[in-house]
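what follows is a predicted protein model with its sequence.
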Amino acid sequence: MSADKNFLKYPHRSYGMDHSLYKWTMLDDRPGIQWPNGKKLALWINISLQFFPLNQQDKPFPVPGGMTMPYPDLRHYTLRDYGNRIGIYRFFNALDKYGITSSIAMNTLVAQRYPYLLRKVIERGHEIICHGYHMDALHYGGQSLEEETDLVNMALDELRKLSGQPIKGWISPAKNESHSTPQLLAENGIEYFCDWVNDDMPYEFFTNAGTLIAMPLSTELEDKFILMDNLHSELSYKEQIIDACNYLLDEASNKGGRILALNLHPWLLGQPHRIQILDQLLEYLSSQTDIWSASPSDIISVFNSQS
């Protein structure tokens, strides 16, 4: 017995994707991007400054990196707090040593609870990205539109007020979204977001409230993913970043400019036994003459001018 011919009919079938969120293109088919001064590789380092509540609600799931023990889980709470008290300043020293730019993805509650740290970030000229209200204030499928709207508004309004920056970028806590998240971001003046990791280069992401830029902030090369989730050594972490750097530099030689995006956590790499790995990694990256250290807005500006 043969299947009904209508079984294979799909009203959204077309060339590319079965949705209208972004256009489908092969990376090799796109025009090559040319970075300033003929550089081959844009280096985007993002530092995540996070607040994990001690009374974590785990709604609708336990946030990665959060509390895991019965309340009060002070062991994990204070370890995360270490990054905002100690580790971040080691990061600042390492960045300054090698003249490398970074953005700062900050929970709004970090800006509220650590005013001295916020002043330092502003004084140093870092571009601030909103990382949601706090790490347990999740965006998720099934969340009411009213609840998520209030959450986005609260996170952005308060962070803009405290920082004095326009705040054009967004990373959701746990990089988790609902179907409504991108449109809510566009409605609130966000120009780029970093939750989708399905490309090596920026691309346009369409919502009913306007177009966003999806920025490729790699999960695979994230310190937490390699060291904590995959349980690789610090040396292996450094080697993986260097391997990625060398491959992308080679690929950029005939494919156009590429991006090496690294997301770092000061509560993890800012520890005394790990900070030397970050120092060695930054030393290697800064020694590459074809690398351009840039903020996400700088990268998007060049991308938009050539797309």
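Thanks, I have the structure now.

what are the ranges of the helices in the stretch 151-300 of the chain?
181-187, 223-224, 234-255, 266-269, 275-287, 296-306 (DSSP state H, counting those that start in this stretch).

hang on, I meant the stretch 1-150 of the chain
Under DSSP H, counting those that start in this stretch, the stretch 1-150 of the chain gives helices at 74-82, 88-98, 108-113, 115-124, 145-163.

and stretch 243-263, what's buried?
Buried residues in stretch 243-263, counted by 16 or more other CB atoms under 10 Å: 244-245, 248-249, 251-252, 255-263. Bear in mind the C-beta positions are built from the backbone N, C-alpha and C, glycine included.

what is the nearest of those to Ala111?
Asn263 (18.8 Å; CB to CB).

in terms of pLDDT, where does the residue lying closest to that closest one once chain neighbours are set aside sit?
Sequence neighbours aside, Glu222 is the residue nearest to Asn263 in space, at 4.5 Å (criterion: CB to CB, 6 or more residues apart in numbering). Here, the pLDDT recorded for Glu222 equals 98.

list phi and psi for Glu222.
phi -70, psi 140 (degrees, to the nearest 10).

who's in contact with it?
By CB atoms under 8 Å, 6 or more residues apart in numbering, the contact list for Glu222 reads Leu262, Asn263, Leu264.

please apply the same query to Ile213.
The contact partners of Ile213, by CB under 8 Å, 6+ apart, come to Glu191, Tyr192, Phe193, Pro202, Tyr203, Glu204, Phe205, Ile300, Phe303, Asn304.

can you tell me which of those residues are in strands?
Tyr192, Phe193, Tyr203, Glu204, Phe205 (DSSP state E).

I'd like the distance between the fourth one and Gly257.
Computed with CB to CB, to the nearest Å, the distance linking Glu204 and Gly257 is 17 Å.

pLDDT for the contacts of Ile213 - can I get that in CSV?
What follows is these, written out as CSV (pLDDT from 0 to 100):
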residue, pLDDT
Glu191, 98
Tyr192, 98
Phe193, 98
Pro202, 98
Tyr203, 97
Glu204, 97
Phe205, 98
Ile300, 98
Phe303, 97
Asn304, 96
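
format these as a markdown table; extra columns: distance to Leu217 and neighbour count.
Converted to a markdown table, the contacts of Ile213 look like this (distance: CB to CB, whole Å; neighbours: other CB atoms under 10 Å):
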| residue | distance to Leu217 | neighbour count |
| --- | --- | --- |
| Glu191 | 15 | 20 |
| Tyr192 | 10 | 22 |
| Phe193 | 9 | 25 |
| Pro202 | 11 | 20 |
| Tyr203 | 13 | 21 |
| Glu204 | 17 | 14 |
| Phe205 | 14 | 21 |
| Ile300 | 13 | 19 |
| Phe303 | 14 | 21 |
| Asn304 | 18 | 12 |
